[in-house]
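**Q** just coords:
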């Protein structure tokens, strides 16, 4: 059993952990922190590693619990994310196979970031055909006997993972980039993505 943060199209490291576990608990009682994968992911474009950020509404000077954070749609970020994914991955082997399943993320305005992240997780789990249940915390976990992997949500100063190389769309231009969003692996490896995840290890 592992403890994770629900994040937006999580990095591969998070799904390596999930695929090698029996049950997942998502921390939903924490305070929102900036510069984490809660509201961002990284993909591979023609210019290299590229940030997709979900803008959120901030209450100045007031700490918000992640579950209460609302998404800001004034700049149509969802349309931009979809357009960027199409530009980056339309030539990938499995883009057309999965893109329709992802549309509920981009075609509907979700009020809360947590709902968006849990939906993205469910879509990815279906795509991977990975059937591992998850629970949500009822209070913030300070000390826990569960394997605590909440640190995988931290984007700033992230550690390097020596994950096995797989072919990426723009690899010939920029080289292999490890631990991008799970979307990168899914679009490139398709049904083999789960085998890849199960063969990788996370060390700290």
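**A** Arrived safely. All values derive from a computational prediction rather than experimental measurement. Residues are numbered from 1 along each chain as shown.
**Q** State the distance from the nearest residue to residue 140 once chain neighbours are set aside to residue 152.
**A** The shortest distance from residue 140 to any non-neighbouring residue, by CB to CB, 6 or more residues apart in numbering, is to residue 29 (4.3 Å). From N, CA and C alone the C-beta is placed, and that goes for glycine too. Separation of residue 29 from residue 152 (CB to CB, to the nearest Å) stands at 18 Å.
**Q** The two: which is more packed in?
**A** The residue with more neighbours, out of residue 29 and residue 152, is residue 152; 27 against 14, by other CB atoms under 10 Å.
**Q** dump the residue contacts of the more buried one.
**A** 4-5, 10-11, 13-14, 17, 37, 202 (CB atoms under 8 Å, 6 or more residues apart in numbering).
**Q** Tabulate these (CSV), appending secondary structure.
**A** Listed next are these as CSV, based on DSSP: H, G, I helix; E, B strand; the rest coil:
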residue, secondary structure
4, strand
5, coil
10, coil
11, strand
13, helix
14, helix
17, helix
37, helix
202, coil
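**Q** neighbour-wise, which of those leads?
**A** Result: residue 14 is most packed of the contacts of residue 152 (other CB under 10 Å), 27 neighbours.
**Q** What's the local residue count around the closest residue to residue 10 other than its chain neighbours?
**A** Counting by CB to CB, 6+ apart, residue 10 lies nearest to residue 182, which is 5.7 Å off, once chain neighbours are set aside. Residue 182 is flanked by 26 other residues according to other CB under 10 Å.
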